[in-house]
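Peer 1: just the structure for this:
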Amino acid sequence: MAVSPMKLVTIAGPLDDFDQTIRNCVINREFHPESAINVMRQVKGLLPFERNNPFAELLRQAQAVSDGTGIALDYREFPEDAYRPEDASALFARLQERFAALMGERETLLARIEDDRQILIQLEHIHDMNVPLQEFFSCAYVKFRFGRLPREMYLNYKTHIEDNKDVFFFETSFERGFVYGMYMTPRQKQDSIDSLFASFQFERIHLSDRMEGTGDEAAQRISRDILASKMRVVEIDTALKLLHREEGEEFLRCYSYVRYMNDSYEARRFAAHTGESFYILGWVPEGEFTAFTENLEKYTDLNYVVVSEDPEGLTDFSPPVKLKNARIFRPFEPFVGMYGLPAYNEIDPTPLMAVTYSMLFGAMFGDLGHGVVLALAGLLMWKLKGMWLGRVLIYAGVCSMLFGGAVYGSVFGYETGYGFNVLHPAANSQRILEIAIYGGAALITLACVINIFNGIRQHNVGKAVFGASGLAGVLLYWGIVFLVFPFIGFGRSPVGVPVLLAVAALPLLAVFLHEPLAHLAARRKHWRPPEGAGGFLLTGFFEMFETLMAYVTNTLSFLRVGAYAISHASMMGVVYAMASSGQDRNIAVLIIGNLFVLGIEAVLVAIQVLRIDFYELFGRFFSGTGRPYQPIIINYKARMDNQ
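Peer 2: Predicted coordinates:
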């Protein structure tokens, strides 16, 4: 079994030693805590600890400093007696103030630089004006407007503008289909002139009041301001880097202290106490039990008790699940996690999934050349990006290479004539589908066998013997397989139909009556169907019909294994046909066709194999109801946004 055995341990000691015990024996140890109040509810006088965490606000303050300064949260070693809460708060406040002042000035300067750049863009259109620009804004009787209008519109109505005695328009530049310029008009006429120019699609450009002197003088001064602001930004960046070096390590040491104390305090939610003693209990993996208890024995005032040597016998709650797989199987643990963790007393399906996923992928997408590409892509994903899916792709690619080279004789879709060629002769297609059907039946039987072992471990005779995936179900299933599939053209039955019907009759009855038989096996003699005898028979009939249909459909689902193998050969045959031109082949078409088939088929096959594992196999033996094993291991790089 790939689920690590657990021991339930209770730690008790003087109330004054509680915080020190949590830090020395619980935090960052292999100890999954349970709620003592819930587990020990029969103990009188047991009280929960107060939960008003004094370090929660300090932790939020530290995270705010990290956000403001860009110092990434991380662990630094610290002595426990080096800080007090008030010292940490003062350090965080001082750092936040210093960084905020520098960052505030920096942001102001960057905004000023952007504004000055916009002013320079405006000045490009009026750089030839030799009149001090501020004089345009101080005229008492004349109103000035600066902007642009479409060049075509201006040329069409230029004469009309020049003939209007209430306005004078002078051009400053022609750029990209627009005419830039300024018009002046008496203040009492500005409304009518503004309306006139609006009809000409005039877009007003507001000039900054920081423009002083002529256009060239203003541009030179603004350019100097931009240069000065950039130099000050460089100085601030240098000061920030220096502050990072000078204060960063001290901040991380103080943060690590706060995070450690915060998480230690949060462990109180699992503990309970009386007037004199505290109690905390949790699960310790069997492999870590010796080291854990040796550490406890260093503290003479503490007592520990192994509550249960048989965790499977507990009725109120179940042990958490810690998977313990060989390294070769671990890449598939995230896939299993998508379905759910195995219960503590279930067999972990990870090794089964590692084998079936890889082999079925290879069978459905068997190609030596494409397998090499997939394996290399997976290797890059794993090594460069650290993606667990890359390791799965390596396994899939290797199996594609094995099936492509040794079974199908296919290299980038070209059938070499070596091995079991899919399309030559055409009869091979039927053989592939037959192998897929009966191979799928073997895998379903294997899933049922695992379910039988689970039932034995759980002392559940009904599940192991009478269920649809139990011993009776296996016998009934193979009776259905030999009855149905030879009839529709897949293989031949080893015995006659009358014999099959006779052999399947008893398992059929056992599966139909699995519920009362299970209660009888458990010696619950007074069980009665809640819906009555008639309701039980009617419900049982429909459940039996559903079970028989599931046997057939689950097995037929494996036809996709052979179908994808055939479709791969067919698609690559089309690619080679398209690339053929006389005696030569179009290399570009071959490359593009191979990439297309590789991309489409790899995604589709990956999804289909996952579906087969989840629905055709896992559903027969795997509940996915396990709780994850979660000791209190502090991750100093993680944020605590929910504090």
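Peer 1: from Ala472, how far off is the closest residue to Ile632 other than its chain neighbours?
Peer 2: Take Ile632 and drop its neighbours on the chain: the residue closest to it by C-beta to C-beta, 6 or more residues apart in numbering is Ile27, 5.4 Å away. In short, each C-beta sits where N, CA and C put it, glycine included. Ile27 is 51 Å from Ala472, where distance means C-beta to C-beta, to the nearest Å.
Peer 1: okay, those two: which has more neighbours?
Peer 2: Using other C-beta atoms under 10 Å as the criterion, Ile27 and Ala472 rank with Ala472 on top: 23 against 19.
Peer 1: so what's the more buried one closest to, chain neighbours aside?
Peer 2: Per C-beta to C-beta, 6+ apart, closest to Ala472 is Ala510, 3.8 Å.
Peer 1: which strands and helices sit next to the helix or strand encompassing the one you found?
Peer 2: According to DSSP states H and E, Ala510 maps onto helix 497-512. Counting contacts by 3 or more C-beta pairs under 8 Å, 6 or more residues apart in numbering; DSSP states H and E, helix 497-512 is packed against helix 471-484, helix 532-556.
Peer 1: just the residues contacting stretch 390-407, thanks.
Peer 2: Residues from elsewhere that reach stretch 390-407, judged by C-beta atoms under 8 Å, 6 or more residues apart in numbering: 331-332, 335, 354, 357-359, 361-363, 365-383, 410-411, 419-420, 606.
Peer 1: returning to that earlier point: the helix holding Ala510 vs helix 471-484, what angle?
Peer 2: For helix 497-512 against helix 471-484, the angle by axes from the mean of the first three to the mean of the last three C-alpha atoms, to 10 degrees is 150 degrees.
Peer 1: which residues does helix 497-512 contact?
Peer 2: Identification of contacts with helix 497-512 by C-beta under 8 Å, 6+ apart yields 465-468, 472-473, 475-476, 479-480, 482-483, 493, 517, 540, 544, 547.
Peer 1: 10 Å instead?
Peer 2: For helix 497-512, contacts defined as C-beta atoms under 10 Å, 6 or more residues apart in numbering pick out 465-483, 486-487, 493-496, 517, 537, 540-541, 543-544, 547-548.
Peer 1: got the angle between it and helix 532-556?
Peer 2: Inter-element angle recorded for helix 497-512 and helix 532-556: 120 degrees (by the same axes, to 10 degrees).
Peer 1: unless I'm mixing things up, the residue nearest to Ile632 is touching Asp263, no?
Peer 2: Yes: between Ile27 and Asp263 there is a contact under C-beta atoms under 10 Å: 6.4 Å.
Peer 1: intersection of neighbour lists for those two?
Peer 2: Residues touching both Ile27 and Asp263 (C-beta under 10 Å, 6+ apart) are Ile632, Ile633, Ile634.
Peer 1: what is the nearest of these to Phe55?
Peer 2: Distance to Phe55, by C-beta to C-beta, is smallest for Ile634 among those, at 12.5 Å.
Peer 1: just the C-alphas of the strand or helix carrying Met578, formatted as CSV.
Peer 2: Following DSSP H and E, one finds Met578 within helix 559-579. Extracted C-alpha coordinates of helix 559-579, given in CSV (Å, rounded to 0.1, in the frame of the first residue of the first chain):
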residue,chain,number,x,y,z
LEU,A,559,-12.4,0.7,-28.6
ARG,A,560,-11.1,4.3,-28.7
VAL,A,561,-7.6,2.8,-28.0
GLY,A,562,-7.6,0.9,-31.2
ALA,A,563,-9.5,3.7,-33.1
TYR,A,564,-6.9,6.3,-32.2
ALA,A,565,-4.1,3.9,-33.4
ILE,A,566,-5.9,3.5,-36.7
SER,A,567,-6.7,7.2,-37.1
HIS,A,568,-3.1,8.1,-36.5
ALA,A,569,-2.0,5.9,-39.3
SER,A,570,-4.8,7.2,-41.5
MET,A,571,-4.0,10.9,-40.8
MET,A,572,-0.3,10.4,-41.5
GLY,A,573,-1.3,8.5,-44.7
VAL,A,574,-3.1,11.7,-45.8
VAL,A,575,-0.1,13.8,-45.0
TYR,A,576,2.2,11.7,-47.1
ALA,A,577,-0.4,11.7,-49.9
MET,A,578,-0.5,15.5,-49.9
ALA,A,579,3.3,15.7,-49.8
